[in-house]
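Enquirer: Please work out how this folds:
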Amino acid sequence: MTNATKTLALFFAATLVFALATTWGGGTASSAAFQDKLLAVDTSAVQAIQIERPNGPSVRLERSSGNWSVQSSNASTAYPASAQTVRQTLNTLPSLEVGAVATRRPDKHPQYGVDSTGTAVTLLGAADEPLGRLIVGRTRVRQSQPEGSSPNPVQRRRRGTPVTYVRTPDRPDVYSIEQSLRSVTSRDVEDWRDKQIWGLTRADIQRIDFRYPADSSFAMQRVTMSDTMAASGAWVSAGDTLSQTEVSSMLRVLSSPQADGFAESTGPDDFGEALYEVRLRLADGARRSIRLRPAPDAQRYLAVADSLPYVVELQAPTWDQSVLRGRSALLDSG
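Expert: Now for the predicted structure:
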């Protein structure tokens, strides 16, 4: 290889390295964005999350005494928020990593949806002090390159993954991140609300009383070590052993019942007469109860439970198939 050839080879290699660095870092002006997180926020200091959408009411999540509530800008009522959903959000936002710079030009912001059409997500501290803010734009799915083409390093790394465009309000740079943020930006108030009616372990439940219409009410209880009529841990009703499979399906629902919606127009005091009532007795002597009646569409039940300040909606098929069953359907056929 001649000296001229070597010089050209070195020049080509240097040019390639520079091009790759520019692709990943967007130039020296944006190199810091690739070394740090977009929202480097201490989540323990976050007291509120504000989500402002261009085509809908804004959503505000607020922490008080360790618990989270959620409220929309067009409603005066705040509801308990799902702690798990808020926790997932706080784990996601501060850990976002930049994949590449899409553009540094403000006139390109509409193309990526990070102008006034984007969703602004703000993390707030005490007294609503802004801790970090992100404008979330469009999401696309990275397509595979046609055969024989030469994809760039970003596309070659992860094809078929969602790519979301974001920017911080203090910079014109638009960044791409390799994940969707629709779980944050597209949730309405109901999606943020806590849908768990209560949370128990199956072992907590020792007795279940079913109050049904006419003469169909019955009770069932877990066998204890002192009982001799069945193996310990089995369930019996009026001396008959019940099917372990059927009881397990029932306990799965009753140990952690989930609302599928909320009947905003009906309060617990206006609930009226229940068609069904299920009462649980727990190992520590505590009790839980839930009362149900069919909703007008017959596909759901309306229900009220102990200490629940609102009426919830439950999927009728789930409760009919697993919980609201007659005693004979639970008997062990073996």
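Enquirer: all helices of the stretch 151-300 of the chain, in order?
Expert: For the stretch 151-300 of the chain, helices defined by DSSP state H, counting those that start in this stretch occupy the ranges 153-157, 182-185, 189-192, 244-255.
Enquirer: okay, the ones you listed in JSON lines with distance to Thr122 next?
Expert: For every residue, glycine as well, the C-beta is placed using N, CA and C. Compiled in JSON lines, the helices of the stretch 151-300 of the chain are given as follows (distance: least, Cβ to Cβ, whole Å):
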{"stretch": "helix 153-157", "distance to Thr122": "28"}
{"stretch": "helix 182-185", "distance to Thr122": "12"}
{"stretch": "helix 189-192", "distance to Thr122": "16"}
{"stretch": "helix 244-255", "distance to Thr122": "37"}
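Enquirer: Minimum distance to Arg288: which of those has it?
Expert: helix 244-255 (8.5 Å; Cβ to Cβ).
Enquirer: for that closest one, which positions count as buried?
Expert: Going by neighbour count (16 or more other Cβ atoms under 10 Å), the buried part of helix 244-255 is 246-247, 249-251, 253-255.
Enquirer: Figure out the helix or strand that Asn91 lives in.
Expert: Per DSSP states H and E, Asn91 falls inside helix 83-92.
Enquirer: name the helices or strands packed onto that helix?
Expert: Under the contact criterion of 3 or more Cβ pairs under 8 Å, 6 or more residues apart in numbering; DSSP states H and E, helix 83-92 touches strand 48-52, strand 67-72, helix 182-185, helix 189-192.
Enquirer: Would you format those as a markdown table with mean neighbour count and distance to Pro268 included?
Expert: Output for the helices and strands packed on helix 83-92, formatted as a markdown table (neighbours: other Cβ atoms under 10 Å; distance: least, Cβ to Cβ, whole Å):
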| stretch | mean neighbour count | distance to Pro268 |
| --- | --- | --- |
| strand 48-52 | 20 | 28 |
| strand 67-72 | 20 | 19 |
| helix 182-185 | 16 | 31 |
| helix 189-192 | 18 | 18 |
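Enquirer: Verify the stated contact: Ala78 with Ser69.
Expert: Yes. Using Cβ atoms under 8 Å, Ala78 is in contact with Ser69, at 4.3 Å.
Enquirer: Can you check which residues contact both of the two?
Expert: Here Ala78 and Ser69 have Glu62 as joint contacts, going by Cβ atoms under 8 Å, 6 or more residues apart in numbering.
Enquirer: Low-confidence regions, the stretch 101-250 of the chain specifically.
Expert: The model of the stretch 101-250 of the chain has pLDDT under 70 over residues 144-159, 225-232.
Enquirer: could you pull out the strands for it?
Expert: When assigned using DSSP state E, counting those that start in this stretch, the strands of the stretch 101-250 of the chain occupy the ranges 119-124, 130-141, 162-167, 174-177, 205-211, 218-222, 235-237, 240-241.
Enquirer: Go through the ones you listed and name the closest to Gln315.
Expert: Proximity to Gln315, assessed across the strands of the stretch 101-250 of the chain by Cβ to Cβ, is greatest for strand 205-211 (18.7 Å).
Enquirer: so what does that closest one touch, helix or strand wise?
Expert: On a contact count with 3+ Cβ pairs under 8 Å, 6+ apart, strand 205-211 meets strand 218-222, helix 244-255, strand 276-282.
Enquirer: Give me the buried positions along it.
Expert: Here strand 205-211 shows 205-206, 208-211 as buried, counting by 16+ other Cβ under 10 Å.
Enquirer: Run the angle between that strand and helix 244-255 for me.
Expert: 90 degrees (axes from the mean of the first three to the mean of the last three Cα atoms, to 10 degrees).
Enquirer: Run the angle between strand 205-211 and strand 276-282 for me.
Expert: Angle between the axes of strand 205-211 and strand 276-282 is 160 degrees (criterion: the same axes, to 10 degrees).
Enquirer: and strand 205-211, which strands flank it?
Expert: strand 218-222 (antiparallel), strand 276-282 (antiparallel) (DSSP bridges).
Enquirer: Mean neighbour count added to these, as TSV?
Expert: As requested, the strands paired with strand 205-211 are arranged in TSV below (neighbours: other Cβ atoms under 10 Å):
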stretch	mean neighbour count
strand 218-222	17
strand 276-282	19
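Enquirer: Which one, of these, ends up nearest to Leu93?
Expert: strand 276-282 (37.7 Å).
Enquirer: about what we covered before: go through the helices of the stretch 151-300 of the chain and name the closest to Gln143.
Expert: Closest approach to Gln143 among the helices of the stretch 151-300 of the chain (Cβ to Cβ): helix 153-157, 8.4 Å.
Enquirer: Please render the strands of the stretch 101-250 of the chain as CSV that adds distance to Trp192 to the earlier fields.
Expert: Shown next, in CSV, are these (distance: least, Cβ to Cβ, whole Å):
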stretch, distance to Trp192
strand 119-124, 13
strand 130-141, 16
strand 162-167, 20
strand 174-177, 22
strand 205-211, 29
strand 218-222, 36
strand 235-237, 37
strand 240-241, 44
